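Enquirer: The amino acid sequence is not available; the structure is as follows:
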């Protein structure tokens, strides 16, 4: 399989909902972690160690590397995205029952994206994964 920077690389599905991740670089996919196929629960803990998705032999790395976030730039990007998500999520409607510990939560929590109503889920996925 050939990966093209910015094009869909893989999807994660939970129930009827799906999030597509785009390739960060172009090249040949030389290995896929088949242990995650059908169940990505291990990614809830960490994307590291045995929980990688695929390995890409990047063939245009010299040209594409400047577009990647590395080191402090990656940390700053991550923090900005978390804040952007927090701001957006306060405006969205969740399907969490009123009496739940998560109803009206001010902090992010695992699985929060799944708790948005369909329209807000699609808006969030587009805002964060559609670029």
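Expert: Yep, that arrived. A quick note: this is a predicted structure, and the numbers were derived from the prediction, not measured.
Enquirer: got any ranges where this structure has weak pLDDT?
Expert: Along the chain, the model assigns pLDDT under 70 to residues 40, 47, 96-106.
Enquirer: could you pull out the helices for it?
Expert: All helices of the chain, identified by DSSP state H, fall at 61-64, 72-89, 118-129.
Enquirer: what sits against the nearest residue to residue 14 once chain neighbours are set aside?
Expert: Leaving aside its chain neighbours, residue 14 sits nearest to residue 114 (6.1 Å; criterion: CB to CB, 6 or more residues apart in numbering). All C-beta atoms are positioned from the backbone trio N, CA, C, and that covers glycine. Counting by CB atoms under 8 Å, 6 or more residues apart in numbering, residue 114 touches 14, 15, 17, 121.
Enquirer: can we see that at 10 Å?
Expert: Shown in contact with residue 114 (CB atoms under 10 Å, 6 or more residues apart in numbering): 14, 15, 17, 94, 95, 96, 121.
Enquirer: And residue 130, by the same measure?
Expert: Counted by CB under 10 Å, 6+ apart, residue 130 has contacts 19, 20, 22, 122, 123, 124.
Enquirer: Run through the residues that contact the first one.
Expert: What it means is residue 19. Counting by CB under 10 Å, 6+ apart, residue 19 has contacts 10, 11, 12, 13, 113, 121, 124, 125, 128, 129, 130.
Enquirer: and what of the third one?
Expert: Contact partners of residue 22, counting by CB under 10 Å, 6+ apart, are 3, 4, 5, 6, 7, 8, 9, 10, 129, 130, 131.
Enquirer: run the last query once more with 7 Å
Expert: 6, 7, 8, 9 (CB atoms under 7 Å, 6 or more residues apart in numbering).
Enquirer: Pipe the contacts of residue 130 into CSV and attach distance to residue 60 per row.
Expert: Converted to CSV, the contacts of residue 130 look like this (distance: CB to CB, whole Å):
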residue, distance to residue 60
19, 25
20, 21
22, 15
122, 32
123, 32
124, 30
